[in-house]
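*Asks:* give the three-dimensional model of this entry:
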Amino acid sequence: MKLENITEKEFKHSPTKRIINAISKGIIYATTPLLIATSGLSCDDGDHNEPCVTNYNCKSGRICVEGECVNPPEEPEIVNEDNDDDGFKAIIHGGTDCDDFDDLINPEQTDWCDGIDNNCNDLIDEIGCGNIYFIRGKEVFYTDLSTLEETEIPYFSGLDFYFSSLPKISPDNSKLSFVENPGTMERTIYYLDIATSNVNQITEDAGIGAISWFSNNKIVYFARMNGPKDVIYSVDIDGSNKQTLYTKPLGESASGLHLSFDTSPEGKIAFSISPNGTRDLREIYLMNGDGDNLIRLTNNGGCNWNPVFGGADKVYYVCSPEDCFPDQKNLCSISLDGSNQKLEFEKYRGLIFSPDNSKALMDGDYGVQDKVWDLNTSELFQFDLYYDHLLTWRK
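*Replies:* The predicted model follows:
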């Protein structure tokens with residue numbers, strides 16, 4: 001049908017068609033804004049690439065790479081293998097640091113008394129607890145093993161005299177006894193009250209050497225009397241009740257008593273003398289605190305000195321099979337009945353025991369590292385303490 005031949009009747013819609021047409025137009029008008037608003041959306045689910053010239057042509061944070069929109073590469077995760085910067089990688093990264101967020105915990109730390117495995121060896125408080133007293137120069141200090149902090153005991157740094165024997169801490173930690181050496185045979189024993197810094201004289205005698213304490217605040221000391229003879233005395237801290245516990249004429253012992261001896265909490269005394277008067281032979285002897293029941297513990301023809309009680313059943317001492325001036329000093333032990341004499345460690349020249357006798361700090365010979373010895377497990381642990389002389393280990 002040609003356009004010019006269409007009549008008005010043919011061009012007009014029927015009423016029904018007009019209604020349908022109106023409805024269709026309404027739908028188109030209503031949906032037009034929605035189509036405009038969503039014209040920027042795409043059915044693209046982000047899994048396939050779209051053509052682009054710049055990043056502006058890409059959608060949803062994608063970037064244009066070689067003419068195609070692609071998802072940007074993920075940023076690589078940065079892993080810090082040493083979070084506490086202590087020089088040790090964490091265990092989860094193949095290292096040995098068992099706590100990578102604490103720079104005081106790593107394999108090179110001392111395992112001090114804090115209930116934590118500080119050096120990552122699965123052991124806790126391996127060096128023990130309490131306070132270790134020692135001398136450095138003319139000063140007396142103690143190290144608290146719960147903090148490893150040093151504390152100086154006042155009074156000693158200003159003294160003009162030198163120690164003729166090592167000061168000793170009383171069993172209750174309240175007093176420190178020492179000997180003044182004025183350069184003559186007459187020497188005086190004092191004690192310092194640690195809490196108040198008050199100094200009190202105990203007694204005066206000729207040639208006073210080593211001193212020690214009994215648990216009842218009684219002092220035991222060695223003196224070389226005119227005669228000559230070597231004597232072991234006991235005296236109360238106020239200077240009263242002086243008793244002679246042992247006497248040995250120097251004619252029987254050319255070298256006399258060795259200056260070091262020890263007392264036990266059970267009231268026994270261990271000391272070293274030369275039984276045949278030679279300088280190269282010393283043996284360990286044991287007696288009760290009242291001087292009774294003297295027995296000879298060692299009998300090995302060598303030089304044995306510096307005895308230390310290690311609990312109620314043993315004495316530990318420095319030993320040498322040759323003479324009393326050896327190039328190498330060793331540690332030996334013996335039971336209090338004279339049995340089970342044995343070499344414990346080579347190249348150690350002394351030790352002090354922890355308050356519960358479960359551990360001992362061993363003084364290494366020249367060039368030998370000090371060690372803490374766990375007597376229950378036989379393990380040795382490194383422990384650095386700068387000192388001239390070890391004194392004692394107390395709670």
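*Asks:* and the residue most central in space within the chain, what does it touch?
*Replies:* The centroid of the chain falls nearest to residue 112 when counting by C-alpha atoms, centre = their mean (2.9 Å). Applying C-beta atoms under 8 Å, 6 or more residues apart in numbering, we find residue 112 in contact with 118, 125, 127, 145-148. (Each C-beta comes from the backbone N, C-alpha and C, glycine too.)
*Asks:* shaky segments in the stretch 151-300 of the chain?
*Replies:* Applying pLDDT under 70 to the stretch 151-300 of the chain flags the ranges 158-164, 225-228, 249-259, 277.
*Asks:* strands along the stretch 201-350 of the chain, start to end?
*Replies:* Ranges of strands within the stretch 201-350 of the chain are 211-213, 218-225, 229-236, 243-249, 257-263, 268-273, 283-288, 295-296, 303-309, 314-320, 330-335, 342-346, 348-353, based on DSSP state E, counting those that start in this stretch.
*Asks:* weed out the non-buried ones from the contacts of residue 112.
*Replies:* 118, 125, 127, 145, 148 (16 or more other C-beta atoms under 10 Å).
*Asks:* want to try TSV for these, with pLDDT, distance to residue 367 and secondary structure as columns?
*Replies:* As requested, those are exported to TSV (pLDDT from 0 to 100; distance: C-beta to C-beta, whole Å; DSSP: H, G, I helix; E, B strand; the rest coil):
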residue	pLDDT	distance to residue 367	secondary structure
118	94	26	coil
125	93	28	coil
127	92	21	coil
145	95	25	coil
148	89	24	coil
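*Asks:* burial measure for residue 263, as a count.
*Replies:* 23 (other C-beta atoms under 10 Å).
*Asks:* correction: residue 232
*Replies:* Counted with other C-beta under 10 Å, residue 232 comes out at 22.
*Asks:* which residue is the nearest non-sequential neighbour of it?
*Replies:* Of all residues not flanking residue 232 in the chain, residue 246 sits nearest, at 4.1 Å (C-beta to C-beta, 6 or more residues apart in numbering).
*Asks:* now do the contacts for the one you found.
*Replies:* 231-232, 269, 271, 287, 291, 294.
*Asks:* any figure for the gap between it and residue 76?
*Replies:* 79 Å (C-beta to C-beta, to the nearest Å).
*Asks:* now flag whichever of the contacts of residue 246 is closest to residue 166.
*Replies:* Nearest to residue 166, judged by C-beta to C-beta, of these is residue 271 at 14.7 Å.
*Asks:* with adjacent residues omitted, what lies nearest to that closest one?
*Replies:* Using C-beta to C-beta, 6+ apart, the closest residue to residue 271 is residue 261 (3.7 Å).
*Asks:* so which bits of stretch 303-320 are buried?
*Replies:* For stretch 303-320, by 16+ other C-beta under 10 Å, it's 303-311, 315-320.
*Asks:* how about the strands of the stretch 1-150 of the chain, start to end?
*Replies:* Using DSSP E, counting those that start in this stretch, strands in the stretch 1-150 of the chain cover 50-51, 63-65, 68-70, 131-136, 139-144, 149-153.
*Asks:* take these and lay them out in JSON lines including mean neighbour count and distance to residue 102.
*Replies:* Formatted as JSON lines, the strands of the stretch 1-150 of the chain follow (neighbours: other C-beta atoms under 10 Å; distance: least, C-beta to C-beta, whole Å):
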{"stretch": "strand 50-51", "mean neighbour count": "13", "distance to residue 102": "51"}
{"stretch": "strand 63-65", "mean neighbour count": "16", "distance to residue 102": "42"}
{"stretch": "strand 68-70", "mean neighbour count": "17", "distance to residue 102": "44"}
{"stretch": "strand 131-136", "mean neighbour count": "20", "distance to residue 102": "25"}
{"stretch": "strand 139-144", "mean neighbour count": "20", "distance to residue 102": "20"}
{"stretch": "strand 149-153", "mean neighbour count": "13", "distance to residue 102": "18"}
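*Asks:* residue 103: which of those strands is closest?
*Replies:* The nearest among the strands of the stretch 1-150 of the chain, by C-beta to C-beta, is strand 149-153 at 17.8 Å.
*Asks:* sheet-wise, list the partners of the helix or strand following the closest one with their directions.
*Replies:* Scanning forward in sequence from strand 149-153 by DSSP states H and E, the next helix or strand is strand 168-169. Using DSSP bridges, the strands paired with strand 168-169 in its sheet are strand 175-180 (antiparallel).
*Asks:* C-terminal to the partner strand, what's the next element?
*Replies:* In N-to-C order, the element after strand 175-180 by DSSP H and E is strand 186-193.
*Asks:* that following strand to strand 229-236, inter-axis angle?
*Replies:* 30 degrees (axes from the mean of the first three to the mean of the last three C-alpha atoms, to 10 degrees).
*Asks:* show me what strand 186-193 is in contact with.
*Replies:* By C-beta under 8 Å, 6+ apart, strand 186-193 touches 153, 155-156, 164, 170, 174-181, 198-208, 211, 219, 221, 237.
*Asks:* give me that answer again for 6 Å
*Replies:* 155, 175-181, 199-204, 208 (C-beta atoms under 6 Å, 6 or more residues apart in numbering).
*Asks:* and for stretch 66-74?
*Replies:* So stretch 66-74 is contacted by 49-50, 52, 58, 62-63 (C-beta under 6 Å, 6+ apart).
*Asks:* same thing but at 7 Å, please
*Replies:* With contact meaning C-beta atoms under 7 Å, 6 or more residues apart in numbering, stretch 66-74 is reached by 46, 49-52, 57-59, 62-63.
*Asks:* ok, residue 145 - contacts?
*Replies:* Contact analysis of residue 145 by C-beta under 7 Å, 6+ apart lists 112-113, 127-130, 132.
*Asks:* got the domain ranges for this protein?
*Replies:* 3-70, 131-394 (automatic domain parsing).
*Asks:* okay, how far is it across the last one, tip to tip?
*Replies:* I take that to be domain 131-394. 5 Å (C-alpha to C-alpha, to the nearest Å).
*Asks:* do stretch 243-260 as well
*Replies:* Start-to-end, stretch 243-260 (C-alpha to C-alpha) is 19 Å.
*Asks:* please apply the same query to stretch 267-286.
*Replies:* Rule used - C-alpha to C-alpha; the end-to-end distance of stretch 267-286 is 11 Å.
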